[in-house]
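# Below are the sequence and a predicted model; questions follow.
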Amino acid sequence: MKLKDHPSRSAQKSDDSRDSPGSPRHRKVTARWVPDEACRPSIDDAPVFHPTEEEFEDTLGYIASLRHIAEAYGICKIVPPPSWKPPCPLKEKDVWEHAKFSTRIQVVDLLQNREPMRKKPTRKRKRRRQFNSRSRRRVRSESSEDKFGFQSGSDFTLEEFQKFDQEFKESYFGLKDKSQDSLVEIGQDKRSLPSIEEIEGEYWRIIEQPTDEVEVYYGADLETGMLGSGFPRESSSSLVDTKAGRYLTSGWNLNNLPRLPGSILSFEECDISGVVVPWTYIGMCFSSFCWHVEDHHLYSLNYMHWGDPKIWYGVPGNHATSLENAMRKHLPDLFEEQPDLLNELVTQLSPSVLKSEGVPVYRVVQNCGEFVLTFPRAYHAGFNSGFNCAEAVNVAPVDWLKHGQSAVELYSEQVRKTSVSHDKLLLAAAGSAVQALCEISILKKESPENLRWKSFCGENGLLTQAIKRRVFEEEKRIQYLPGIERIRKMEKDFDLNTERECFSCFYDLHLAAVCCNCSPDKFSCLKHANILCLCDPDNKHILLRYTIDELNTLVKALEECVDALKYWASKDRGGTLDLPSDAPSNPSVKTENMEDSVYDVPDSEQRISICVEPVNFGSLVYGKLWCNKNAIFPKGYKSRVMFSDVRNPHIMSSYTSEIIDGGLLGPLFKVSLEEHPDESFVNVSVEETWEMVRQRLNQEILTQNRSGKQGVPPLQPHSTINGLEMFGFLSPPILQAIEALDPLHKCVEYWENKLLIKKSSSSGNSLAAEKNSSETGSDAAGEIADSFESDLLLDNGNNLRDDEARSIFRRLMRKANREEVGIMERILCKGPGSPLWRVAVETLREEIERNKE
């Protein structure tokens with residue numbers, strides 16, 4: 001399950017007619033089973049566990065009991081007690097026959113053997129069947145997109161998808177001769193459905209030795225808020241009765257699992273889709289999930305509600321690097337083109353190949369009614385043997401914390417965005433543990449809940465060790481900061497309503513940040529303070545939520561030191577660790593350098609907070625109406641945001657904002673109240689669409705006022721909402737993701753305006769820049785990058801040919817050592833908007849001028 005890098009594709013299309021005639025749904029299955037060339041991997045099975053009724057009662061406790069055995073496999077299967085048979089709302093007639101879900105088209109024979117997308121074809125694409133041939137790669141046509149992925153497919157009901165899968169298997173495995181509409185006979189016996197082992201052998205034959213095109217559909221990453229959950233839920237299920245009662249609150253109900261007491265994700269305030277809110281998966285024969293690890297290296301739990309078996313493969317977390325190295329070795333061209341290939345979930349590599357490289361791989365066959373558990377940083381992949389329905393979500397027992405810390409450090413190195421604030425979760429867990437220890441040690445009260453937290457504390461407790469490691473890293477980074485001595489306390493709400501992340505590596509800034517007077521809304525992590533800007537260190541200051549002394553006191557409290565517990569107990573109110581104003585300062589920094597003032601959050605952020613969650617970034621349509629100077633409007637874009645309910649203004653409810661194709665009208669902007677989709681608003685203007693919502697809300701407020709209702713909120717003024725903001729088009733992370741859809745800057749009006757704003761801002765600040773030489777350097781670098789980017793875009797006819805550019809770069813690279821080449825790669829990959837890019841261009845031009853002299 002992925003989140004920000006891989007948003008849900010569950011946006012539904014209005015009808016199936018948008019499928020191309022060549023899609024799998026409209027094309028006969030011509031590929032056939034080749035049983036004589038089966039490639040079933042020879043690997044061991046992962047362990048299977050059968051909890052008793054009593055063991056099954058404590059979900060996290062049982063998972064913890066498996067860890068010392070199962071973590072060495074990376075994956076395991078859990079078979080519930082026979083009495084555990086939750087009713088499935090998705091099987092209700094109305095859902096089964098009428099609820100539609102979206103799918104992706106998967107080209108199975110290209111998951112391993114394919115050419116890089118930008119490599120020109122050297123031969124014609126072979127469509128005929130070829131037997132006893134070596135593994136080869138199908139070549140994409142030159143008109144293919146620049147990035148291999150899964151395209152959007154048909155919308156299906158569950159009933160339709162079951163029928164489609166059945167017809168596919170009948171054709172593929174030769175169960176029925178379509179021309180004669182009769183069973184195919186082999187000798188004297190009619191061919192029967194192949195076994196799971198035979199299907200597995202055929203799947204890996206398709207992957208390793210493809211002879212035909214094999215395209216299937218997969219209903220993957222479907223939000224349970226759209227199709228629904230396969231488990232009973234109080235809010236939506238019609239199965240709420242005595243029979244379903246035990247399953248509504250069960251920890252094994254995946255809607256409850258992430259936020260169970262003792263799960264670190266219970267402190268996550270947002271309903272992050274795919275992480276704390278389950279995703280549903282509707283599979284068919286050969287539909288695949290490719291090698292990946294979970295976001296933040298979380299645990300995942302998958303339950304199969306019904307259908308044919310799902311085949312899993314798992315690699316232990318301590319062999320993750322070995323798998324990555326093996327994939328790079330065997331698929332070098334793909335990784336050269338796309339270094340973050342494994343983050344895309346579109347590539348398989350046979351377990352047989354991994355095994356030959358010394359990577360341990362284990363198999364799990366998941367049947368209906370069984371769970372599959374994956375462990376932190378355990379790579380896993382697999383496929384479906386036929387029509388089935390599964391549901392999955394993440395969970396974070398306390399032992400996950402060390403893995404989660406490693407994940408955010410790795411993400412920083414990879415310049416990859418995070419899904420959750422690890423430090424915020426860590427400190428929230430520590431706060432709950434301190435409260436629990438106070439109840440036990442000081443108030444002499446014991447409960448199952450506080451005893452659970454106590455088990456993670458003490459000198460060698462899992463939570464204590466996680467805090468110790470984090471404090472050690474923080475102290476080391478503060479000590480090595482480049483000459484910055486001014487330190488300020490971070491306001492409690494510094495990142496309450498707005499994500500704060502490093503401008504360079506996206507590291508979460510909940511615990512510490514660095515900023516400069518020249519750019520009050522720009523922050524870096526402690527590792528990248530030296531490249532925040534070109535200003536003198538005296539203009540910069542460090543923001544700390546807690547000093548190192550305070551964090552060390554927290555460690556002592558978790559080690560059950562009574563004085564430390566009393567200290568935190570006296571300061572801890574409402575379950576949060578408040579920064580005491582009279583606390584001792586950082587031992588590595590002089591006390592007088594800790595300023596009493598705090599960093600002022602810009603006034604624009606004092607408004608009512610708007611937190612927009614992206615659901616689907618959509619795809620670009622090039623045309624005048626599909627962008628303007630303020631925003632790009634991708635077709636199929638969808639987001640979610642909380643706002644006052646137009647039916648009940650007393651509460652906040654979730655709204656979905658989406659962009660649909662209006663034909664000649666261009667993009668249509670649609671906003672719907674999620675729980676009442678009949679309350680929807682459509683307009684050709686993004687601003688007017690949310691204005692319609694505001695007017696509808698005020699209409700309801702007036703109606704309730706006239707009826708004499710008490711406590712009705714006031715009317716919402718016109719300035720309450722901004723359509724662009726409510727859609728998410730003013731959110732930097734969303735803006736960055738949408739801009740990434742247009743690397744060639746074809747949405748001309750938008751990019752020209754952005755370039756104009758940059759140059760105007762640079763020109764307007766020139767007078768102030770003269771007073772500050774370091775700021776002048778920063779602005780000059782920005783102008784250089786802008787002009788450099790403009791030259792690239794305008795293509796003035798002086799561009800070098802590819803082979804000439806490659807030759808020049810190779811001569812330069814031969815003069816650099818390995819570390820210098822690696823640094824240059826990172827600079828180039830960051831792109832023209834990066835400060836490092838600007839420094840590189842500025843330095844290059846300085847060298848050019850020096851050579852002229």
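Right, received. Where do you want to start?

# Can you classify Ala737 by secondary structure?
What DSSP: H, G, I helix; E, B strand; the rest coil gives for Ala737 is helix.

# my guess is it meets Phe617, correct?
Yes - with contacts counted by C-beta atoms under 8 Å, Ala737 reaches Phe617, the gap being 5.3 Å. Every C-beta, even on glycine, is put in place using the N, C-alpha and C of the backbone.

# Now Ser322: closest residue in space that isn't a chain neighbour?
Nearest in space to Ser322, with sequence neighbours left out and distances taken as C-beta to C-beta, 6 or more residues apart in numbering, is Val359 at 4.8 Å.

# Got phi/psi on the one you found?
Dihedral pair for Val359: phi -90, psi 120, per degrees, to the nearest 10.

# any idea how far Val346 is from it?
Distance, Val359 to Val346, using C-beta to C-beta, to the nearest Å: 20 Å.

# next one: Phe231
29 Å.

# So which of those two has more stuff around it?
A direct count of neighbours by other C-beta atoms under 10 Å for Phe231 and Val346 places Phe231 higher, at 27 against 22.

# Correct me if wrong: the residue nearest to Ser322 contacts Val315.
Yes - applying C-beta under 8 Å as the test, Val359 and Val315 come out as touching, 6.0 Å apart.

# Between the two, which contacts overlap?
Between them, Val359 and Val315 share these contacting residues under C-beta atoms under 8 Å, 6 or more residues apart in numbering: Ser322, Leu323.

# The two: which has the busier surroundings?
Set side by side, Val359 and Val315 show more neighbours around Val315, with 27 against 22, by other C-beta under 10 Å.

# picking up where we left off before, contacts only, for the residue nearest to Ser322.
Contacts of Val359 (C-beta under 8 Å, 6+ apart): Val315, His319, Ser322, Leu323, Ala326.

# Can you read off the pLDDT for it?
What the model reports as pLDDT for Val359 is 96.

# again with Ser141
36.

# what does Met284 give?
96.

# where's the nearest residue to it once chain neighbours are set aside, which helix or strand?
Of all residues not flanking Met284 in the chain, Asp165 sits nearest, at 3.9 Å (C-beta to C-beta, 6+ apart). Per DSSP states H and E, Asp165 falls inside helix 158-172.

# So which bits of that helix are buried?
For helix 158-172, burial by neighbour count (16 or more other C-beta atoms under 10 Å) applies to Leu158, Glu160, Phe161, Gln162, Phe164, Asp165, Phe168, Lys169, Glu170, Ser171, Tyr172.

# which residues sit against it?
25, 28-29, 31-33, 90, 95-97, 99, 101, 103, 156, 175-176, 178, 193, 214, 216-217, 219, 282, 284-285, 386-387, 389.

# Show only the entries of these found in helices.
Val95, Trp96, Glu97 (DSSP state H).

# Centre of the chain to stretch 361-376, how far?
22 Å (C-alpha atoms, centre = their mean, to the nearest Å).

# could you measure Ile199 against Arg205, distance?
Distance from Ile199 to Arg205, by C-beta to C-beta: 11 Å.

# Looking at those two, which one has more neighbours?
Ile199 (25 against 22).

# Surely that one touches Cys285?
Yes - counting by C-beta under 8 Å, Cys285 is a contact partner of Ile199 at 7.3 Å.

# what do the two both touch?
Joint contacts of Ile199 and Cys285 (C-beta under 8 Å, 6+ apart) are Ser385, Gly386.

# which phi and psi does Ile207 have?
phi -70, psi -50.

# Please name the nearest non-neighbouring residue to it.
Gln112 (4.9 Å).

# Next up, phi/psi of the one you found, please.
Per degrees, to the nearest 10, the backbone of Gln112 is at phi -120, psi -50.

# likewise Ser524?
phi -130, psi 160.

# Next, count neighbours for Glu336.
Other residues within reach of Glu336, judged by other C-beta under 10 Å, total 11.

# now whatever helix or strand it lives in: mean pLDDT?
Taking DSSP H and E as the definition, Glu336 sits inside helix 332-337. The average pLDDT within helix 332-337 is 90.

# Kindly report the same for stretch 198-206.
On average, stretch 198-206 scores 96.

# which residues touch that stretch?
By C-beta under 8 Å, 6+ apart, the residues outside stretch 198-206 that reach it are 33-35, 37-41, 108-109, 194, 214, 285-286, 311, 350-352, 383, 385-386.

# Buried among the residues you listed? Make that a ChimeraX selection.
The ChimeraX selection below is limited to those of the contacts of stretch 198-206 classed as buried (16+ other C-beta under 10 Å):
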select :33,34,38,39,40,41,108,109,194,214,285,286,311,350,351,383,385,386
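
# Neighbour-wise, give me the winner out of the contacts of Val359.
Val315 (27 neighbours).

# my read: it touches Leu354, true?
Yes - the criterion here is C-beta under 8 Å, and Val315 meets it with Leu354 at 7.1 Å.

# any residues in contact with both of these two?
Joint contacts of Val315 and Leu354 (C-beta under 8 Å, 6+ apart) are Leu323, Val361.

# I figured Asn552 was touching Val471, is that so?
Yes - Asn552 is in contact with Val471 according to C-beta under 8 Å; the separation is 6.4 Å.

# quick revisit: ok, so of the contacts of Val359, who is nearest Gln209?
Comparing the contacts of Val359 against Gln209 with C-beta to C-beta places Ala326 closest, at 18.9 Å.

# And what about that closest one, helix, strand or coil?
From three-state DSSP, the assignment for Ala326 is helix.

# Just the element for Leu437, please.
With DSSP H and E as the test, Leu437 turns up in helix 422-441.

# pLDDT below threshold where in the stretch 601-750 of the chain?
601-609 (pLDDT under 70).

# List the contacts of the residue nearest to Arg696 when sequence neighbours are not counted.
Using C-beta to C-beta, 6+ apart and skipping the chain neighbours, the partner closest in space to Arg696 is Val646 (4.7 Å). Going by C-beta under 8 Å, 6+ apart, Val646 touches Leu673, Glu679, Val693, Arg696, Leu697, Glu700.

# Dump the contacts of Val359 to JSON lines, plus secondary structure, distance to Gly483 and pLDDT.
JSON lines is the format used below for those (DSSP: H, G, I helix; E, B strand; the rest coil; distance: C-beta to C-beta, whole Å; pLDDT from 0 to 100):
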{"residue": "Val315", "secondary structure": "coil", "distance to Gly483": "44", "pLDDT": "97"}
{"residue": "His319", "secondary structure": "helix", "distance to Gly483": "42", "pLDDT": "95"}
{"residue": "Ser322", "secondary structure": "helix", "distance to Gly483": "41", "pLDDT": "95"}
{"residue": "Leu323", "secondary structure": "helix", "distance to Gly483": "42", "pLDDT": "96"}
{"residue": "Ala326", "secondary structure": "helix", "distance to Gly483": "44", "pLDDT": "96"}
